[in-house]
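>>> Make a model of this:
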Amino acid sequence: MRSVGLKTLKNKLAEYARLAAQRETVLITDRERVVADLVPPRENLNLLLSDAMLAKAVRGGWLTPALLPPGPPPNLPVTRLKRILTELEADRRSR
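Purely as a prediction, here's the structure:
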């Protein structure tokens with residue numbers, strides 16, 4: 001475990017981020033007092049930023065995951081817009 005002051009961390013952030021990626025914890029100090037720690041990512045954390053952001057959104061409650069697993073789209077009938085509009089117009093006239 002290493003420790004680094006805020007000023008040094010600011011100037012060498014990439015170096016300390018690499019240390020954390022190599023499974024080392026770095027204590028961050030301000031005036032000889034530990035204020036934070038830079039830790040390696042959790043084992044079960046997906047390292048892709050988009051996945052991490054989605055997980056945070058789910059934990060925050062502003063995104064709900066799908067109930068069904070991903071798969072092929074449902075087999076819905078496909079028709080032309082013109083036919084739909086014709087049927088809609090006929091339906092309106094019959095009312």
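
>>> going forward, measure contacts between C-alpha atoms and count neighbours the same way
OK.

>>> just the strands in the chain please.
Using DSSP state E, the strands of the chain run over residues 2-5, 26-30, 33-38.

>>> So which of those strands is nearest residue 75?
strand 33-38 (49.1 Å; CA to CA).

>>> and that closest one, what other elements does it pack with?
strand 26-30 (3 or more CA pairs under 8 Å, 6 or more residues apart in numbering; DSSP states H and E).

>>> got the angle between the strand it packs on and strand 33-38?
Counting by axes from the mean of the first three to the mean of the last three CA atoms, to 10 degrees, strand 26-30 lies at 150 degrees to strand 33-38.

>>> Show me the residue at the heart of this protein, geometrically.
For the chain, the residue nearest the mean C-alpha position is residue 53 (1.9 Å; CA atoms, centre = their mean).

>>> roughly how far is the helix or strand bottoming out on mean pLDDT in the chain from the heart of the chain?
Least confident helix or strand, the chain: helix 49-60 with a mean of 80, by mean pLDDT, DSSP states H and E. When C-alpha coordinates are averaged (CA atoms, centre = their mean, to the nearest Å), helix 49-60 and its chain have centres 3 Å apart.

>>> separation between the residue nearest to the centre of the chain and residue 27?
Residue 53 is 25 Å from residue 27, where distance means CA to CA, to the nearest Å.

>>> pLDDT below threshold where in the protein?
44-49 (pLDDT under 70).

>>> Contact partners for residue 34?
27-28 (CA atoms under 8 Å, 6 or more residues apart in numbering).

>>> Same question for the one 3 residues further on.
Listed by CA under 8 Å, 6+ apart, the contact partners of residue 37 are 25-28.

>>> now it, nearest residue through space, not along the chain?
Nearest residue to residue 37, sequence neighbours excluded (CA to CA, 6 or more residues apart in numbering): residue 27, at 4.4 Å.
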